[in-house]
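Participant: Provided below for reference: sequence and predicted model.
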Amino acid sequence: MKFADFVNRGAILADLSADDKEDVVRKMVQALSDCQQIEEDEKESIISAIMKREELGSTGIGRGIAVPHTKHPSVDRLVGTVAVSRAGVDFDSLDGEKVQLFFLLISPPDRPGDHLRALENISRQLRNETFCKFLKQSKNADDVMQLLDESDNNQFGS
Amino acid sequence: MATRNVTLTNKEGLHLRAATLFTTHARRFESKIDVIKGDQRVDGKSTPLHLTALGAFRGDVVTIEAYGQSDAQEAVDALVALLAANFEEEQKEN
């Protein structure tokens, strides 16, 4: 499953500034709502589900990366977006560092395979330090999208 | 060296939460700890991304291998138990 299969270009936030974890999640979910990838009415429920998952254990897995996610009955296919924060946001990460790269995933409850495949893809690509570095330096949504496309086409050689 | 196989019986396989719990716990041991799936071998003490990158789904078998120090067997047993407990908890949640 490639980035192109689930990341909505219109919802990419390349210059995110946010106060805290919930602010990040809110802004990313709002971006998805603005692009009609999720229903406006379901926004709060989705945000709440994502925050609940964070309580189980932060998805700030270190190296300046976080993968907030949830299952939600209002989506019938995997929906995702990416945000980049140059300054970084405190996300209660495993390594104590701020997070600059956020990959948010919302998946239908009855298809754990899709979610895991997306996670597998994200994980593989993010193991590439060059890819991460470039992403963190992105200036706008086009930059981000181009990097994701290049990564999908294995141009970072991971 | 100590080694044990784990069959992923849960719905979600080796997903982020299980991977995070695994790496956090693995770091408590002195031995080197590898997780193997097919021809992929990754460092079990490093970022959880390595584990989620394995793409280990329900029904897959992964091997936990610990070596280098005297706590190798203890490490493997503890990590196998950790995964089993995590999967059991998930069954209840679902």
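Facilitator: Thanks, I have the structure now. Residues are numbered from 1 along each chain as shown, chains lettered A, B, ... in the order given.
Participant: going forward, measure contacts and count neighbours with C-alpha atoms only.
Facilitator: Fine.
Participant: where are the low-confidence patches of the chain?
Facilitator: All of this is about chain A. A:157-158 (pLDDT under 70).
Participant: let's do chain B instead
Facilitator: Short version for chain B, where the test is pLDDT under 70: B:94.
Participant: flag every residue of it that's near chain A.
Facilitator: Contacts of chain B with chain A, taken as CA under 8 Å from any CA of the partner chain, map to B:11-13, B:15-17, B:20, B:47-50, B:52-55, B:57.
Participant: same thing but at 10 Å, please
Facilitator: B:11-17, B:19-21, B:24, B:46-58 (CA under 10 Å from any CA of the partner chain).
Participant: buried members of the residues you listed into ChimeraX, please.
Facilitator: Typed into ChimeraX, the line below selects the buried ones among the residues of chain B next to chain A, using 16 or more other CA atoms under 10 Å in any protein chain shown:
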select /B:11,12,13,14,15,16,17,19,20,21,46,47,48,49,50,51,52,53,54,55,56,57,58
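Participant: so what's the spatially most central residue of chain A up against?
Facilitator: When chain A is reduced to its mean C-alpha position, the nearest residue by CA atoms, centre = their mean turns out to be A:F103, at 1.3 Å. Taking CA atoms under 10 Å, 6 or more residues apart in numbering or on different chains, we find A:F103 in contact with A:7, A:12, A:28, A:59, A:65-69, A:80-84, A:119, A:122.
Participant: of these, closest to B:S70?
Facilitator: A:T59 (32.0 Å; CA to CA).
Participant: identify the residues contacting that closest one.
Facilitator: Contacts of A:T59 by CA under 10 Å, 6+ apart are A:50, A:53, A:65-69, A:91-94, A:102-103, B:16-17, B:20, B:48.
Participant: one step back: in which helix or strand does the residue nearest to the centre of chain A reside?
Facilitator: A:F103 is located in strand A:99-107, with elements delineated by DSSP states H and E.
Participant: note down every partner strand of that strand and its orientation.
Facilitator: Strand pairing for strand A:99-107, using DSSP bridges, gives strand A:65-66 (parallel), strand A:69-71 (parallel), strand A:79-89 (antiparallel).
Participant: what residues does chain A put near chain B?
Facilitator: So chain A meets chain B at A:53-54, A:56-63, A:65, A:67, A:69, A:94-95, A:111-127 (CA under 10 Å from any CA).
Participant: and residue 48, what does it touch?
Facilitator: As the question left the chain open, I've gone with chain A. Counted by CA under 10 Å, 6+ apart, A:S48 has contacts A:22, A:25-26, A:54, A:70.
Participant: actually it's chain B I care about, not the one you picked
Facilitator: Applying CA under 10 Å, 6+ apart, the residues contacting B:P48 are A:59, A:61-62, A:94, A:123, B:15-24.
Participant: in helices only, show me these.
Facilitator: A:123, B:16-24 (DSSP state H).
Participant: next one: A:I47 from A:I122, what distance?
Facilitator: 21 Å (CA to CA, to the nearest Å).
Participant: now do B:D43
Facilitator: 18 Å.
Participant: quick one: the strands in chain B?
Facilitator: Using DSSP state E, the strands of chain B run over B:2-7, B:32-37, B:40-43, B:61-67.
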